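Asker: When you get a sec, could you give me coordinates for this:
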Amino acid sequence: MNHPSSSFGAYESIRIFAPGFYFAALLMSYLWAGSWTLIPPLRLEGLPLLFVFLAVAMIAGLTLYAKESTKRRKAFLENQPSLWLKNKARAISDLASLEDAEARRLYFYILNNHMPPVFHEKIFFFGTIYHIMIQIRRTSFWFALLSAATFAFGISTGSSLPDLRAMTVFTIVVWFIYSLNVRYNKADRKMQENYQDQIYWLEMNEDIVESILRKRYSGSVGGLS
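Answerer: Numbering: from 1, shown residues only. From the prediction side, this is the model:
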């Protein structure tokens, strides 16, 4: 019984630290690349530098985690199992329709009490991968723009190409990471495959689903009377 909760905590921690670590690594690399000509050098080393790095990683990770912008993407919102439950309730003539929030609560009830444990692991794992990959893509994009703008500013202020070689390499590498993340985008596809697996289970266990829907309807009617 403790396995799902321990897995949840581990996966959520990874969702915080991995994007935060990546942001901090890019930030430190950007400051180092610009310190040759454009940006005052970061005069930290040893334990102070490690402390700053970990603090930036933690703050960035928590900030990205709190925004939850990945959940507004099309790949996350489309074909959710809760939508299937909503349509299923609508197809049964003697049942009241489900609101979005209620459909999500019912979905989590079925997930936690009826679906096999393997679905929990897949949800935690692919949800974590989806979150991390999207955050890496977005962080790479903004740092790529920032470094390109810094490079252009350096050229406009008279810096030579040899002086900007570190920023040039950094810009190319970050754009390359971003392009790979876009070109080989498995995060969105895996999220949709995960949804389809859950929907298939619901379709194969429609008797259980209908029983739960009727139980929910009877309970709501009883509560109103």
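Asker: Of all the residues in the strand or helix carrying residue 25, which ones are buried?
Answerer: Following DSSP states H and E, one finds residue 25 within helix 2-34. By 16 or more other CB atoms under 10 Å, the buried positions in helix 2-34 come out as 7, 11, 14-24, 26-30, 33-34. Heads up, the C-betas are built off the backbone N, CA and C, glycines and all.
Asker: other SSEs contacting it?
Answerer: helix 46-67, helix 117-156, helix 165-183 (3 or more CB pairs under 8 Å, 6 or more residues apart in numbering; DSSP states H and E).
Asker: what about the first one, distance to the chain center?
Answerer: Averaging C-alpha coordinates over helix 46-67 and over its chain gives two centres that are 18 Å apart (CA atoms, centre = their mean, to the nearest Å).
Asker: and if you look at the second one?
Answerer: A distance of 9 Å separates the C-alpha centroid of helix 117-156 from that of its chain, computed with CA atoms, centre = their mean.
Asker: now the angle from it to helix 165-183?
Answerer: Helix 117-156 runs at 140 degrees relative to helix 165-183, counting by axes from the mean of the first three to the mean of the last three CA atoms, to 10 degrees.
Asker: helices or strands next to helix 117-156 in the packing?
Answerer: Using 3+ CB pairs under 8 Å, 6+ apart as the contact test, the elements touching helix 117-156 are helix 2-34, helix 100-113, helix 165-183, helix 187-204.
Asker: thinking again about what came up before, what's the average pLDDT for the helix holding residue 25?
Answerer: On average, the pLDDT along helix 2-34 is 82.
Asker: Let the chain start at 326 from now.
Answerer: Got it, the first residue is 326 from now on, which makes the last one we talked about helix 327-359.
Asker: List the buried residues of stretch 441-455.
Answerer: Neighbour-count burial for stretch 441-455 flags 444-445, 447-449, 451-455 (criterion: 16+ other CB under 10 Å).
Asker: From those, pick the one nearest residue 430.
Answerer: residue 448 (15.9 Å; CB to CB).
Asker: Could you tell me how far that closest one is located from residue 514?
Answerer: 16 Å (CB to CB, to the nearest Å).
Asker: For this structure, which residue occupies the most central location?
Answerer: residue 456 (1.6 Å; CA atoms, centre = their mean).
Asker: related to what we said a few turns ago, could you export the helices and strands packed on helix 327-359 as JSON lines, including mean pLDDT and distance to residue 416?
Answerer: Formatted as JSON lines, those follow (pLDDT from 0 to 100; distance: least, CB to CB, whole Å):
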{"stretch": "helix 371-392", "mean pLDDT": "86", "distance to residue 416": "36"}
{"stretch": "helix 442-481", "mean pLDDT": "87", "distance to residue 416": "23"}
{"stretch": "helix 490-508", "mean pLDDT": "90", "distance to residue 416": "38"}
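Asker: Out of those helices, flag the one nearest residue 520.
Answerer: The closest of these to residue 520 is helix 442-481. By CB to CB, the value is 9.6 Å.
Asker: ok and that closest one relative to helix 425-438, angle-wise?
Answerer: With the same axes, to 10 degrees as the basis, helix 442-481 and helix 425-438 are set at 120 degrees to each other.
Asker: Next, the angle helix 512-529 makes with helix 442-481.
Answerer: Interaxial angle, helix 442-481 versus helix 512-529 (the same axes, to 10 degrees): 160 degrees.
Asker: residues near the residue lying closest to residue 410 once chain neighbours are set aside, how many?
Answerer: In this structure, residue 410 finds its nearest non-sequential neighbour in residue 428, 5.0 Å apart by CB to CB, 6 or more residues apart in numbering. Residue 428 is flanked by 21 other residues according to other CB atoms under 10 Å.
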